[in-house]
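> Got a sequence here, can you model it:
(one chain, ligands or ions: 1)
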Amino acid sequence: MGAGMGAGMGIVLGPNRYGKAESRVVRIVRDTPRHEIRDLTVSSALRGDFEAAHVDGDQSAVLPTDTQKNTAFAFAKRHGVTSPEDYAIALGRRLLAATPAATGAEIAVDEHAWDRIAVDGDGHDHAFVRRGTEVRTTGVDVSDDGVVVTSGLRDLVVLKSTGSEFKDFLHDDYTTLADTDDRILATALRATWRYARADGIDWNATYDAVRALLLSTFATTYSHALQETLYAMGRTVLETHEEIAEISFVAPNKHHFLVDLAPFGLDNPGEVFIAADRPYGLIEATVTREEETS
Ligand SMILES: O=c1[nH]c(=O)c2[nH]c(=O)[nH]c2[nH]1
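Purely as a prediction, here's the structure:
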């Protein structure tokens, strides 16, 4: 009963809980060249006797939601993520133990599944494709001039956990970004390619072949920038498919920021990242044949 609130009016605090929702925790295991990825959305909530925080504005029993978030990232390193269940139990126990007023800690973990990109029949060591997000697209223009087919895909989400750098870029007074020799490169690719003709094309086989080329080129090309990766993918497609006149890309740079775990006595050599939602870089490029531009 909240003595300090609604005194005499019969108003009391009902059920309540609080926590940090949807921390995007990405854990890379990189003890060997064959990396593993666990990609989690983690939410925590504490329940218990937090009446004083609501009724009296007294935060002394409240473990901040910011601390709950920090613990989620630190535990991705300290405890590791062998399964969402094991990680969630460890995190829940820790938050409960750290908060005397809590009687329960609820942890929800969504795991986003990644498959290794297949290159020559083998799963790549550090390049991954997100399971089940992509959409195949096509648009056709039919007129007296003929039929123009532009096909493609969107939301092909790919990530490489090494083999990507970004440095020696232009600096001005507002530049704060540090050079990096090793970063996560990830994007939700949108690619559209225009066919040079509409006759005699095996649409399904071509789609499968282009998709496979995009993936294998992403996986095997060392990246100096997303721009270079897009150009490499486009060039390979045009070199391999004479029936394709031009290919265009729209690629959000899905930033993964290394989490500073030093305050918790933990190093973080490229293992625990926060997957940022927005803002994101947006890189767009068309790769075409010389005759198309003249
Ligand atoms: O691949 C990249 N291209 C950029 O143009 C850019 N800009 C930036 O801040 N990071 C990156 N990464």
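
> any weak-confidence spans in this structure?
Where the chain drops to pLDDT under 70, the residues are 1-8, 293-294.

> Tell me which stretches of it form strands.
In the chain, the strands defined using DSSP state E lie at 23-29, 36-48, 102-112, 114-119, 122-130, 135-143, 146-160, 185-195, 244-253, 256-258, 272-275, 281-288.

> Could you tell me which residues of this structure lie near the ligand?
Phe166, Leu177, Ala225, Leu226, Gln227, Asn253, Gly281 (CB under 6 Å from any ligand atom). Heads up, the C-betas are built off the backbone N, CA and C, glycines and all.

> go with 8 Å
164, 166, 169, 177, 185, 223-229, 253, 255, 281, 283 (CB under 8 Å from any ligand atom).

> ok so, going back, turn the strands of the chain into CSV, including mean neighbour count.
Putting the strands of the chain into CSV (neighbours: other CB atoms under 10 Å) gives the following:
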stretch, mean neighbour count
strand 23-29, 21
strand 36-48, 21
strand 102-112, 17
strand 114-119, 18
strand 122-130, 19
strand 135-143, 11
strand 146-160, 18
strand 185-195, 22
strand 244-253, 20
strand 256-258, 17
strand 272-275, 21
strand 281-288, 15
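
> Make a markdown table out of those strands and add distance to Val237.
A markdown table is the format used below for the strands of the chain (distance: least, CB to CB, whole Å):
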| stretch | distance to Val237 |
| --- | --- |
| strand 23-29 | 29 |
| strand 36-48 | 26 |
| strand 102-112 | 27 |
| strand 114-119 | 16 |
| strand 122-130 | 17 |
| strand 135-143 | 15 |
| strand 146-160 | 11 |
| strand 185-195 | 7 |
| strand 244-253 | 5 |
| strand 256-258 | 26 |
| strand 272-275 | 28 |
| strand 281-288 | 8 |
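
> So which of those is nearest Asn204?
Relative to Asn204, the nearest member of the strands of the chain by CB to CB is strand 135-143, separated by 9.5 Å.

> how many other residues sit next to Asp182?
Counted by other CB atoms under 10 Å, the residues lying close to Asp182 total 13.

> likewise Asp49?
12.

> again, but for His255
That count, for His255 with other CB under 10 Å as the rule, works out to 18.

> Now do the same contact list for Leu185.
Each residue near Leu185 by CB atoms under 8 Å, 6 or more residues apart in numbering is listed here: Leu159, Lys160, Gly163, Ser164, Ser223, Leu226, Thr229, Asn253.

> Pairing partners for it in the sheet, please.
Lys160 (DSSP bridges).

> Ok, Phe128 next?
Residues in a beta bridge with Phe128, per DSSP bridges, are Arg116, Leu159.

> And it, how far from the ligand?
Distance of Phe128 to the ligand, given as CB to the nearest ligand atom, to the nearest Å: 18 Å.

> show me what contacts that residue?
Phe128 neighbours (CB under 8 Å, 6+ apart): Ile37, Trp114, Asp115, Arg116, Ile117, Val158, Leu159, Lys160, Ser161.

> and of the contacts of Leu185, the nearest to the ligand?
Leu226 (3.5 Å; CB to the nearest ligand atom).

> Roughly how far does the nearest residue to that closest one once chain neighbours are set aside sit from Ala188?
Excluding the flanking residues, the one nearest Leu226 by CB to CB, 6 or more residues apart in numbering is Ile283, at 4.7 Å. To Ala188, Ile283 is 12 Å away according to CB to CB, to the nearest Å.

> Many thanks, have a good one.
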